[in-house]
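Participant: Kindly generate the corresponding structure for this input.
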Amino acid sequence: MQPIKNKVLSRIYGRGRGWAFSASDFIEEFSGESIDKSLSVLTKDGKIRRVCRGIYDYPKYSELLKQELSPDFDQAAQAFARKFNWRIQPSGDAALNLLGLSTQVPGKLIYLSDGPNRKYTIGNYRLEFKKSALKDVGFKYRESGLLVQALKALGKEHITEQVIKKIRSQFEPNICLKIIKDTKSATGWIYDSIKKICRDYN
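Facilitator: Modelled structure (predicted):
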């Protein structure tokens, strides 16, 4: 039990603060019972934090505030996706937040999913997964869907040169080339905006 607990903790620490996970992230290496016991002990010891039923995180810590920060909503969403083998895509406010176009974390964050409709309360916000048509979550690259959903949430009339420059700064040249090819099926004005965002790399 002790060696397994230490191995699990080592894996968690290796991913860095803010990482969210479930028992399924360790199932290939250890038995289900040993993982559950290890996570329970590590939670009681204050090494990790239980943020929702079956989901834990290695919390980020603020030296300024001298306290642990709220769970990272995208990390939690990714943990659920791995646990249930869903494909997910941040939508609306979640996409805007991840691209730095909104600094406030809203009370409800929605992800499109090829799994069932689900809602979870994590800290001060609600994480919601909405079953969606495969075309909305079917992009090859996560960045493609993130960009499409952010632009859709902003609306055509709000795609200014300033917004384009801000979004462009979030992506590396190599992924921009992939996004252009990956999003050809996107709505006309959205794809036009993507080409403008990635123009320096095209």
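Participant: contacts, neighbours, all on C-alpha from now
Facilitator: OK.
Participant: ok, now which ones touch Q75?
Facilitator: Residues in contact with Q75, defined by C-alpha atoms under 8 Å, 6 or more residues apart in numbering, are G18, W19, A20, F21.
Participant: so can I have CSV of those showing neighbour count and pLDDT?
Facilitator: Formatted as CSV, the entries for those read as follows, by neighbours: other C-alpha atoms under 10 Å; pLDDT from 0 to 100:
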residue, neighbour count, pLDDT
G18, 21, 96
W19, 21, 97
A20, 28, 97
F21, 24, 98
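Participant: Show me which of these is closest to H158.
Facilitator: Distance from H158 was checked for each of these by C-alpha to C-alpha. The minimum falls on G18, at 31.8 Å.
Participant: I'd say that closest one and D74 touch.
Facilitator: No. The criterion here is C-alpha atoms under 8 Å, and G18 misses it with D74 at 9.9 Å.
Participant: quick one: Q149 is in a helix?
Facilitator: Yes. Going by DSSP: H, G, I helix; E, B strand; the rest coil, the assignment for Q149 places it inside a helix.
Participant: For R126, list each beta-bridge partner.
Facilitator: Each beta-bridge partner of R126 is listed here: K108, T121, as defined by DSSP bridges.
Participant: out of the contacts of Q75, which are inside strands?
Facilitator: Applying DSSP state E to these, the entries found in strands are A20, F21.
Participant: which two in the contacts of Q75 are spaced the farthest apart?
Facilitator: Maximum pairwise distance among those (C-alpha to C-alpha): 9.9 Å, between G18 and F21.
Participant: residues shared between the contacts of these two?
Facilitator: With C-alpha under 8 Å, 6+ apart, G18 and F21 have common neighbours D57, Q75.
Participant: mind listing the strands for the chain?
Facilitator: 20-21, 49-52, 55-57, 61-62, 67-68, 88-90, 108-113, 118-122, 125-131.
Participant: Can you say which of those is nearest to K165?
Facilitator: Across the strands of the chain, closest to K165 is strand 88-90 (C-alpha to C-alpha), at 21.0 Å.
Participant: What are the contacting residues of that closest one?
Facilitator: Strand 88-90 is contacted from outside by 78, 81, 110-114, 136-137, 142, 145-146, 149, using C-alpha under 8 Å, 6+ apart.
Participant: Including distance to K178, could the strands of the chain go into JSON lines?
Facilitator: What follows is those, written out as JSON lines (distance: least, C-alpha to C-alpha, whole Å):
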{"stretch": "strand 20-21", "distance to K178": "28"}
{"stretch": "strand 49-52", "distance to K178": "35"}
{"stretch": "strand 55-57", "distance to K178": "31"}
{"stretch": "strand 61-62", "distance to K178": "35"}
{"stretch": "strand 67-68", "distance to K178": "37"}
{"stretch": "strand 88-90", "distance to K178": "17"}
{"stretch": "strand 108-113", "distance to K178": "21"}
{"stretch": "strand 118-122", "distance to K178": "31"}
{"stretch": "strand 125-131", "distance to K178": "26"}
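Participant: what's the closest of those to R168?
Facilitator: Closest approach to R168 among the strands of the chain is made by strand 88-90 (18.2 Å; C-alpha to C-alpha).
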